[in-house]
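J.: for reference, the sequence and a predicted model appear below.
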Amino acid sequence: RNSGSGKLLEGGRTRCPPEPSSPWWGRKRGGCACAAGKPAAAEEGFARGEDAPVVEEQSVYEKLIRIFEEKDRDAWERLMAQSRQWESVSSEIFQRLQDRIDDEKQSVDKEKNQELRDALVAADARVVEKRMLLNKLLSAQDYELEGLVALHEGSINDAFFEYARLVISSHAEDSAKQEEIATKMSTVISLCDAQRKLAEDFESFQAAGKNLSSILGAESLGDAEKQIDNLADAGQIDPSLVTMMAKAWAGAKESNMMKEEAKDIMFHLYNKARDGLSLQQPVELKILKYVTHQPTKREMKDALEAAFTPGVNYETSDLEYLSTTPEKLIKVVNMVLEKYEMNRMRYLRSVPGGIKTRTGSVSGGEIFKGMMKEASMIPGPNVIDKLREVRYLIRKEFLGVAGEEGELWMHE
């Protein structure tokens, strides 16, 4: 007799439908899911975090529910994060569990299904929260990132970064996507390190809070700008104040209670504070900003030659004349790139015991405390690629060190 997906044959054996009509989770390599004694591929695939097409069949959702029933609850969020289809099937699974609850006659089984559904919904809510935050960070422009990290500092924790790592692993077939997420997470973790270090300086944070209150309490935009200018002239705009202003702007931007004009003013003041901080940056960071904005390699080389010409550093009303040495500049470049690469590798692969560079171990805030805060403010696209080109030019043209273009590490 006909039995839907297969036909009962003599001897109790089943004949499976042709392979193309079998859904991904309805067949096994070398056989069919209908075969007695063989676990459904849905269970194996979903447990490994593999994707599956959305098929409107109650039996499919029952199989997926059984996976969660059999797995430790500690693994639930990992399964959800690794499956890119979870978001599209979760509501159907929750509905199927609700149907179970409504249809169940035994109170014990009803309570068991209710408890399972509640636990799954809670786990899904935690995954959704992380997914929304990750998407927000991935879509953010560079100038928005600092404020978002400060605003969501409580949620950007080890559990969030583990979720990001799982999402990266779910894109195993798309190395470009993996690189995109890992690169953005590298910047996020660097900002987290910097802001955590800044928060440890209580006096600086306290002073920054007072300055921010005074700026926001100014009677007019002109008065607020004048306060920022005065702080810049006195060398009192520091990363703590800029971080607080970034956080204030990010909070205003996400608020639906604030007028757009007020949000624009917050952004304007934040940018003005960033400009004020840039005036206080070390010479090497100012030079790197200029060099990385040159459109061609020839112009980058010319800019480096000018920067390495000894002279007195001074400024006019609209220009700064700066100089440094190849040794000092490449030291800053290597510090930035090593920090970037360490964090990128952290998400592309798991390395027990941390990551060692050829120049020794690198701790989270050790590098970023000094230069990375300012280096993160180097604007423009493809900054990392530009910095690699700068390093190659310095080594080849000014230090006489042979090396392949694009090489990450500086040989000692």
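T.: Right, received. Where do you want to start?
J.: any weak-confidence spans in this protein?
T.: 1-58, 312-318, 343-382, 402-412 (pLDDT under 70).
J.: after the top helix by length along the chain, heading C-terminal, what element do we hit next?
T.: Longest helix in the chain by number of residues (criterion: DSSP state H): helix 107-139. Next along the chain after helix 107-139, taking DSSP states H and E as the criterion, comes helix 142-151.
J.: taking helix 107-139 as reference, get the angle to the helix or strand that comes right after that next one.
T.: The first helix or strand that comes after helix 142-151 along the chain, using DSSP H and E, is helix 158-170. If you take axes from the mean of the first three to the mean of the last three Cα atoms, to 10 degrees, helix 158-170 sits at 80 degrees to helix 107-139.
J.: show me what helix 158-170 is packed up against.
T.: helix 76-82, helix 107-139, helix 175-200, helix 326-348 (3 or more Cβ pairs under 8 Å, 6 or more residues apart in numbering; DSSP states H and E). Using the backbone N, CA and C atoms, a C-beta is placed for each residue, glycine as well.
J.: any chance of these in a markdown table, plus mean neighbour count and distance to residue 98?
T.: Compiled in a markdown table, the helices and strands packed on helix 158-170 are given as follows (neighbours: other Cβ atoms under 10 Å; distance: least, Cβ to Cβ, whole Å):
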| stretch | mean neighbour count | distance to residue 98 |
| --- | --- | --- |
| helix 76-82 | 20 | 18 |
| helix 107-139 | 15 | 7 |
| helix 175-200 | 18 | 34 |
| helix 326-348 | 20 | 37 |
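J.: measure residue 156 to residue 144 for me?
T.: 14 Å (Cβ to Cβ, to the nearest Å).
J.: tell me which residues of whatever helix or strand residue 93 lives in come out buried.
T.: Using DSSP H and E, residue 93 falls within helix 86-103. Neighbour counts using 16 or more other Cβ atoms under 10 Å place 86, 89-90, 92-94, 96-97, 100 of helix 86-103 among the buried residues.
J.: and what of stretch 144-151?
T.: In stretch 144-151, counting by 16+ other Cβ under 10 Å, buried: 144-151.
J.: can you give me the helices in the stretch 201-350 of the chain?
T.: Applying DSSP state H, counting those that start in this stretch to the stretch 201-350 of the chain gives helices spanning 202-216, 221-233, 239-254, 260-278, 283-292, 297-307, 326-348.
J.: residue 169: which of those helices is closest?
T.: Each of the helices of the stretch 201-350 of the chain was scored for nearness to residue 169 using Cβ to Cβ, and the closest is helix 326-348 (9.4 Å).
J.: identify the residues contacting stretch 147-163?
T.: For stretch 147-163, contacts defined as Cβ atoms under 8 Å, 6 or more residues apart in numbering pick out 77, 81, 127, 129-131, 133-134, 136-137, 140, 185, 188-189, 191-192, 195, 243-244, 246-251, 253-254, 270, 347.
J.: from the chain's centroid, how far away is that stretch?
T.: 9 Å (Cα atoms, centre = their mean, to the nearest Å).
J.: please apply the same query to stretch 392-402.
T.: Averaging C-alpha positions (Cα atoms, centre = their mean) puts stretch 392-402 33 Å from its chain's average.
J.: could you do stretch 333-345 as well?
T.: With Cα atoms, centre = their mean, you get 15 Å for stretch 333-345.
J.: how about the CA coordinates for that stretch, as CSV?
T.: Provided in CSV are the C-alpha atoms of stretch 333-345 (Å, rounded to 0.1, in the frame of the first residue of the first chain):
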residue,chain,number,x,y,z
VAL,A,333,52.7,50.4,12.9
ASN,A,334,53.8,47.0,14.3
MET,A,335,52.0,47.5,17.6
VAL,A,336,48.8,48.3,15.8
LEU,A,337,49.0,45.4,13.4
GLU,A,338,50.0,42.9,16.0
LYS,A,339,47.1,43.8,18.2
TYR,A,340,44.7,43.6,15.2
GLU,A,341,46.1,40.2,14.1
MET,A,342,46.0,38.8,17.6
ASN,A,343,42.3,39.6,17.9
ARG,A,344,41.5,38.5,14.3
MET,A,345,43.1,35.1,15.0
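J.: ok, residue 238 - how many residues close by?
T.: A count of neighbours around residue 238, defined by other Cβ atoms under 10 Å, yields 21.
J.: against residue 323, how distant is it?
T.: Residue 238 is 25 Å from residue 323, by Cβ to Cβ.
J.: what of residue 68?
T.: 64 Å.
J.: which one of those two has more residues nearby?
T.: Between residue 68 and residue 323, residue 68 has the larger neighbour count (other Cβ under 10 Å), namely 21 against 14.
J.: pretty sure residue 326 is touching residue 398, no?
T.: Yes: counting by Cβ atoms under 8 Å, residue 398 is a contact partner of residue 326 at 4.1 Å.
J.: so what sits against both of those two?
T.: Contacts common to residue 326 and residue 398, judged by Cβ under 8 Å, 6+ apart, are 304, 308.
J.: relative to residue 269, how far out is residue 282?
T.: 24 Å.
J.: neighbour count winner among these two?
T.: Neighbour comparison, residue 282 and residue 269: the larger count goes to residue 269, with 22 against 15 (by other Cβ under 10 Å).
J.: looks like the more buried one contacts residue 245 (just checking).
T.: Yes: with contacts counted by Cβ under 8 Å, residue 269 reaches residue 245, the gap being 6.4 Å.
J.: mind listing the shared neighbours of the two?
T.: With Cβ under 8 Å, 6+ apart, residue 269 and residue 245 have common neighbours residue 215.
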